[in-house]
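Asks: please find the sequence and the predicted model below.
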Amino acid sequence: MLGDAARPAPREIPCRRHHRTLRRRQGNARAAQRHSSPLRHHHDFGPAYTVRCRDDFFAVLRAIESATPGDVIVVVVVVDGGREIALAGEPFARGALARKLGGIIIDGGYRDITYVRTCELPICSRYVTPMAGTTAALGELQIQITCGGVPVAPGELILADDEGVVVVDPARAEALLDAAATVKAAEAAVIAQLNAGSTLSDGLNVAEHTALLLDGEPSSLRFLS
(Lines give C-alpha, C1' and ligand atoms only; values in the text may rest on other atoms or scores of the structure.)
Protein backbone atom coordinates (compact mmCIF):
# COMPACT_ATOMS: atom_id res chain seq x y z
CA MET A 1 0.00 0.00 0.00
CA LEU A 2 0.99 3.62 -0.35
CA GLY A 3 1.18 4.30 3.37
CA ASP A 4 1.73 7.98 4.06
CA ALA A 5 0.89 9.24 0.59
CA ALA A 6 0.03 12.83 1.36
CA ARG A 7 2.99 14.00 -0.69
CA PRO A 8 4.31 11.18 -2.89
CA ALA A 9 7.13 11.64 -5.34
CA PRO A 10 5.88 12.65 -8.82
CA ARG A 11 6.70 9.27 -10.39
CA GLU A 12 6.10 7.03 -7.38
CA ILE A 13 3.11 5.40 -9.09
CA PRO A 14 3.27 4.48 -12.82
CA CYS A 15 -0.10 6.07 -13.54
CA ARG A 16 0.51 7.73 -16.88
CA ARG A 17 -0.10 4.56 -18.82
CA HIS A 18 -3.39 3.82 -17.12
CA HIS A 19 -5.21 6.97 -16.08
CA ARG A 20 -7.45 7.04 -19.17
CA THR A 21 -8.69 3.62 -18.06
CA LEU A 22 -8.90 4.77 -14.44
CA ARG A 23 -11.17 7.61 -15.57
CA ARG A 24 -13.67 4.97 -16.67
CA ARG A 25 -13.50 3.29 -13.23
CA GLN A 26 -14.80 6.22 -11.22
CA GLY A 27 -16.09 4.38 -8.16
CA ASN A 28 -13.17 5.75 -6.15
CA ALA A 29 -12.01 8.49 -8.50
CA ARG A 30 -13.63 11.82 -9.36
CA ALA A 31 -13.55 13.21 -12.89
CA ALA A 32 -13.76 16.98 -13.23
CA GLN A 33 -16.40 18.32 -15.58
CA ARG A 34 -15.11 18.74 -19.11
CA HIS A 35 -14.27 22.40 -18.87
CA SER A 36 -10.59 22.27 -18.01
CA SER A 37 -8.99 22.34 -21.42
CA PRO A 38 -5.32 21.41 -21.75
CA LEU A 39 -3.36 24.32 -23.18
CA ARG A 40 -0.76 21.91 -24.56
CA HIS A 41 -0.56 18.13 -24.95
CA HIS A 42 0.47 16.85 -21.56
CA HIS A 43 0.34 14.22 -18.88
CA ASP A 44 0.03 15.47 -15.36
CA PHE A 45 0.45 13.56 -12.10
CA GLY A 46 1.09 14.66 -8.55
CA PRO A 47 -0.45 15.65 -5.21
CA ALA A 48 -2.81 18.62 -5.22
CA TYR A 49 -1.72 21.93 -3.76
CA THR A 50 -5.04 23.75 -3.53
CA VAL A 51 -5.78 27.46 -3.94
CA ARG A 52 -8.94 29.53 -3.63
CA CYS A 53 -9.00 33.19 -4.61
CA ARG A 54 -11.47 35.94 -5.52
CA ASP A 55 -10.89 38.32 -8.43
CA ASP A 56 -7.19 38.21 -7.52
CA PHE A 57 -4.27 35.96 -8.43
CA PHE A 58 -1.74 36.69 -5.68
CA ALA A 59 -2.68 33.40 -3.98
CA VAL A 60 -1.55 31.52 -7.10
CA LEU A 61 1.88 33.15 -6.83
CA ARG A 62 2.01 32.25 -3.13
CA ALA A 63 1.16 28.65 -3.96
CA ILE A 64 3.85 28.37 -6.61
CA GLU A 65 6.42 29.68 -4.15
CA SER A 66 5.19 27.46 -1.29
CA ALA A 67 4.52 24.14 -3.03
CA THR A 68 6.88 21.19 -3.00
CA PRO A 69 8.47 19.81 -6.22
CA GLY A 70 5.99 17.50 -7.91
CA ASP A 71 2.90 19.25 -6.53
CA VAL A 72 0.10 20.17 -8.94
CA ILE A 73 -1.34 23.62 -8.28
CA VAL A 74 -5.16 23.37 -8.38
CA VAL A 75 -6.95 26.73 -8.39
CA VAL A 76 -10.57 27.76 -8.05
CA VAL A 77 -11.51 31.41 -8.39
CA VAL A 78 -14.64 33.27 -7.36
CA VAL A 79 -15.17 36.11 -9.82
CA ASP A 80 -17.52 38.93 -8.88
CA GLY A 81 -19.90 39.90 -11.64
CA GLY A 82 -19.09 36.86 -13.77
CA ARG A 83 -16.23 38.56 -15.62
CA GLU A 84 -13.42 36.40 -16.96
CA ILE A 85 -9.90 37.01 -15.65
CA ALA A 86 -6.58 35.21 -16.03
CA LEU A 87 -5.13 33.74 -12.87
CA ALA A 88 -1.69 33.06 -14.37
CA GLY A 89 0.48 33.52 -17.43
CA GLU A 90 4.01 32.96 -18.72
CA PRO A 91 5.84 34.20 -15.58
CA PHE A 92 3.91 31.81 -13.34
CA ALA A 93 4.50 28.90 -15.72
CA ARG A 94 8.22 29.65 -15.73
CA GLY A 95 8.18 30.02 -11.95
CA ALA A 96 6.47 26.65 -11.56
CA LEU A 97 9.03 25.05 -13.87
CA ALA A 98 11.85 26.57 -11.83
CA ARG A 99 10.40 24.99 -8.70
CA LYS A 100 9.88 21.66 -10.52
CA LEU A 101 6.14 21.57 -9.90
CA GLY A 102 3.94 18.97 -11.54
CA GLY A 103 1.52 21.31 -13.28
CA ILE A 104 -1.14 24.00 -12.94
CA ILE A 105 -4.90 23.41 -13.19
CA ILE A 106 -7.12 26.48 -13.02
CA ASP A 107 -10.90 26.57 -12.81
CA GLY A 108 -10.65 29.98 -14.40
CA GLY A 109 -8.54 31.77 -17.00
CA TYR A 110 -4.98 31.61 -18.30
CA ARG A 111 -3.06 33.96 -20.58
CA ASP A 112 0.22 34.12 -22.58
CA ILE A 113 -0.86 31.13 -24.62
CA THR A 114 1.88 31.51 -27.23
CA TYR A 115 4.44 30.57 -24.58
CA VAL A 116 2.23 28.13 -22.69
CA ARG A 117 1.63 25.97 -25.76
CA THR A 118 5.36 25.32 -26.07
CA CYS A 119 6.45 25.12 -22.43
CA GLU A 120 7.11 21.83 -20.64
CA LEU A 121 4.74 22.49 -17.76
CA PRO A 122 1.32 20.76 -17.98
CA ILE A 123 -1.37 23.45 -17.74
CA CYS A 124 -5.18 23.26 -17.89
CA SER A 125 -7.68 26.10 -17.63
CA ARG A 126 -11.38 26.72 -18.14
CA TYR A 127 -10.78 29.52 -20.64
CA VAL A 128 -8.15 31.83 -22.12
CA THR A 129 -8.24 35.59 -21.63
CA PRO A 130 -5.75 38.47 -21.67
CA MET A 131 -7.51 40.17 -18.75
CA ALA A 132 -5.67 39.89 -15.44
CA GLY A 133 -6.98 40.40 -11.92
CA THR A 134 -5.36 42.16 -8.99
CA THR A 135 -2.66 41.10 -6.53
CA ALA A 136 -4.07 42.64 -3.37
CA ALA A 137 -5.58 39.64 -1.55
CA LEU A 138 -3.90 36.69 0.15
CA GLY A 139 -6.50 34.13 -0.89
CA GLU A 140 -6.53 30.69 0.75
CA LEU A 141 -4.01 27.87 0.41
CA GLN A 142 -4.22 24.15 1.16
CA ILE A 143 -7.93 23.97 1.90
CA GLN A 144 -10.61 21.74 0.41
CA ILE A 145 -11.99 23.29 -2.78
CA THR A 146 -14.39 22.35 -5.55
CA CYS A 147 -12.77 22.40 -8.97
CA GLY A 148 -14.65 21.38 -12.08
CA GLY A 149 -17.58 20.30 -9.96
CA VAL A 150 -15.64 17.84 -7.81
CA PRO A 151 -14.10 18.24 -4.33
CA VAL A 152 -10.32 18.37 -4.15
CA ALA A 153 -8.43 18.13 -0.86
CA PRO A 154 -4.77 18.99 -0.35
CA GLY A 155 -2.57 15.99 -1.10
CA GLU A 156 -5.12 14.12 -3.23
CA LEU A 157 -3.62 12.78 -6.43
CA ILE A 158 -4.26 14.66 -9.66
CA LEU A 159 -4.15 12.72 -12.92
CA ALA A 160 -4.67 14.76 -16.08
CA ASP A 161 -4.13 14.52 -19.81
CA ASP A 162 -5.68 15.79 -23.04
CA GLU A 163 -8.98 14.08 -22.13
CA GLY A 164 -9.53 15.65 -18.71
CA VAL A 165 -8.69 15.64 -15.02
CA VAL A 166 -9.21 12.94 -12.38
CA VAL A 167 -8.87 13.31 -8.60
CA VAL A 168 -7.92 10.20 -6.62
CA ASP A 169 -7.79 9.50 -2.89
CA PRO A 170 -4.15 8.49 -2.23
CA ALA A 171 -5.29 5.61 -0.02
CA ARG A 172 -7.09 4.08 -3.02
CA ALA A 173 -4.61 4.97 -5.75
CA GLU A 174 -2.61 1.75 -5.78
CA ALA A 175 -5.67 -0.51 -6.01
CA LEU A 176 -7.29 1.67 -8.66
CA LEU A 177 -4.15 1.77 -10.78
CA ASP A 178 -3.72 -2.00 -10.50
CA ALA A 179 -7.31 -2.47 -11.69
CA ALA A 180 -6.78 0.04 -14.49
CA ALA A 181 -3.64 -1.80 -15.59
CA THR A 182 -5.62 -5.05 -15.79
CA VAL A 183 -8.31 -3.42 -17.94
CA LYS A 184 -5.67 -1.79 -20.14
CA ALA A 185 -3.99 -5.14 -20.76
CA ALA A 186 -7.34 -6.71 -21.70
CA GLU A 187 -8.09 -3.81 -24.06
CA ALA A 188 -4.69 -4.24 -25.67
CA ALA A 189 -5.52 -7.91 -26.33
CA VAL A 190 -8.82 -6.96 -27.99
CA ILE A 191 -7.08 -4.32 -30.11
CA ALA A 192 -4.54 -6.91 -31.24
CA GLN A 193 -7.43 -9.18 -32.25
CA LEU A 194 -9.11 -6.34 -34.15
CA ASN A 195 -5.87 -5.58 -35.96
CA ALA A 196 -5.70 -9.24 -36.96
CA GLY A 197 -9.19 -9.10 -38.48
CA SER A 198 -11.39 -10.19 -35.58
CA THR A 199 -14.55 -8.37 -34.45
CA LEU A 200 -15.48 -6.86 -31.12
CA SER A 201 -17.65 -9.89 -30.43
CA ASP A 202 -14.55 -12.07 -30.59
CA GLY A 203 -13.12 -10.24 -27.61
CA LEU A 204 -16.23 -9.26 -25.64
CA ASN A 205 -19.25 -11.22 -24.41
CA VAL A 206 -21.60 -9.19 -26.62
CA ALA A 207 -24.09 -12.00 -27.41
CA GLU A 208 -24.29 -13.29 -23.84
CA HIS A 209 -24.61 -9.79 -22.41
CA THR A 210 -27.38 -8.92 -24.89
CA ALA A 211 -29.33 -12.11 -24.14
CA LEU A 212 -29.18 -11.63 -20.39
CA LEU A 213 -30.29 -8.00 -20.61
CA LEU A 214 -33.19 -8.98 -22.89
CA ASP A 215 -34.26 -11.50 -20.25
CA GLY A 216 -34.08 -8.84 -17.55
CA GLU A 217 -31.15 -10.55 -15.89
CA PRO A 218 -28.17 -8.76 -14.35
CA SER A 219 -25.13 -8.79 -16.62
CA SER A 220 -21.87 -7.02 -17.28
CA LEU A 221 -19.96 -6.48 -20.48
CA ARG A 222 -16.61 -8.23 -20.01
CA PHE A 223 -13.53 -9.31 -21.90
CA LEU A 224 -13.39 -12.92 -23.06
CA SER A 225 -9.63 -13.30 -22.62
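Replies: Done, it's in. Quick caveat, the model's predicted, so the values are computed rather than measured.

Asks: what residues sit buried inside the single longest helix found in the chain?
Replies: The helix spanning the most residues in the chain, taking DSSP state H as the definition, is helix 170-195. Residues of helix 170-195 classed as buried by neighbour count (16 or more other CB atoms under 10 Å): 170, 172-174, 176-177, 179-181, 183-184, 186, 190, 193. Any C-beta I mention is one placed from the backbone N, CA and C, and that applies to glycine too.

Asks: want to throw those into JSON lines with pLDDT and distance to Glu90?
Replies: Conversion of the buried residues of helix 170-195 to JSON lines gives the following (pLDDT from 0 to 100; distance: CB to CB, whole Å):
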{"residue": "Pro170", "pLDDT": "85", "distance to Glu90": "32"}
{"residue": "Arg172", "pLDDT": "83", "distance to Glu90": "36"}
{"residue": "Ala173", "pLDDT": "76", "distance to Glu90": "32"}
{"residue": "Glu174", "pLDDT": "82", "distance to Glu90": "37"}
{"residue": "Leu176", "pLDDT": "79", "distance to Glu90": "35"}
{"residue": "Leu177", "pLDDT": "79", "distance to Glu90": "34"}
{"residue": "Ala179", "pLDDT": "83", "distance to Glu90": "39"}
{"residue": "Ala180", "pLDDT": "80", "distance to Glu90": "34"}
{"residue": "Ala181", "pLDDT": "85", "distance to Glu90": "37"}
{"residue": "Val183", "pLDDT": "87", "distance to Glu90": "39"}
{"residue": "Lys184", "pLDDT": "88", "distance to Glu90": "36"}
{"residue": "Ala186", "pLDDT": "91", "distance to Glu90": "43"}
{"residue": "Val190", "pLDDT": "94", "distance to Glu90": "43"}
{"residue": "Gln193", "pLDDT": "94", "distance to Glu90": "47"}
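
Asks: closest to Arg222 among those residues?
Replies: Nearest to Arg222 out of those is Ala186 (CB to CB; 8.7 Å).

Asks: do you know the pLDDT at the closest residue to that closest one other than its chain neighbours?
Replies: Among residues not flanking Ala186 along the chain, Phe223 sits closest, at 4.1 Å (CB to CB, 6 or more residues apart in numbering). At Phe223, the predicted lDDT confidence score is 92.

Asks: pretty sure Phe223 sits against Gly203.
Replies: Yes: between Phe223 and Gly203 there is a contact at 6.3 Å, judged by CB atoms under 8 Å.

Asks: what's the spacing between Ala153 and Val76?
Replies: The gap separating Ala153 from Val76 is 13 Å, by CB to CB, to the nearest Å.

Asks: what of Gly46?
Replies: Using CB to CB, Gly46 is found at 18 Å from Val76.

Asks: can you give me the helices for the chain?
Replies: Across the chain, reading from the start of the chain, the helices by DSSP H fall at 19-23, 58-66, 90-98, 113-116, 170-195, 200-203, 206-214.

Asks: out of those helices, flag the one nearest Glu163.
Replies: Between Glu163 and the helices of the chain, the shortest separation by CB to CB is 6.2 Å, and it involves helix 19-23.
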